[in-house]
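**Q** pasting the sequence and the predicted model now:
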Amino acid sequence: MRRHRHENQNQDSGDINLTPMLDIIFIMLIFFIVTTSFVKESGIEVHRPSAQTAERQERGNIIVAIRANGEIWIDKRPVDIRAVRAVIARLRAENPLGTVVIAADRDAKVNILTRVMDQIRLAGVSDMAIAATAEPR
């Protein structure tokens, strides 16, 4: 009987407590989720104009793309000019610190760009930028 009791003690002492390791993994997961910034893409490729004074902007979280044929794309979906204001207002409510970047094709008409900028301002966004490719100085 003594021998049987001794075998049970050896089995119990060989177990590894995984609780601290799981706690660390969950804390790291929460840290990465909180610190990750999600960048929304427009969903299309545009040929941006080039500019000598172009600057890199790190906080451009809402991308509005305008194709050469006048199509407007936001969040990988085509958007009518009349819906730009509502879509931007919704995206801005989700990310109030993000700026709006307009990626207009270099062959897009200025009229469309102006109308899109007007709709963005009507949505309550005053900090927007126009995307350009930096030229070598």
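**A** Yep, it's here.
**Q** how about the strands of this protein, start to end?
**A** Listed in chain order, the strands of the chain (DSSP state E) span 50-51, 60-66, 72-74, 77-79, 99-104, 128-130, 133-134.
**Q** same for the third one, what does it pack against?
**A** Taking 3 or more Cβ pairs under 8 Å, 6 or more residues apart in numbering; DSSP states H and E as the contact definition, the neighbouring helices and strands of strand 72-74 are strand 60-66, strand 77-79, helix 84-94. C-beta coordinates here come from the backbone N, C-alpha and C atoms, glycine included.
**Q** can you name the residues that contact Pro20?
**A** Not one residue lies near Pro20 by Cβ atoms under 8 Å, 6 or more residues apart in numbering.
**Q** measure it to Val34 for me?
**A** To Val34, Pro20 is 21 Å away according to Cβ to Cβ, to the nearest Å.
**Q** I'd like the average pLDDT over stretch 25-39.
**A** Across stretch 25-39, the average pLDDT comes to 77.
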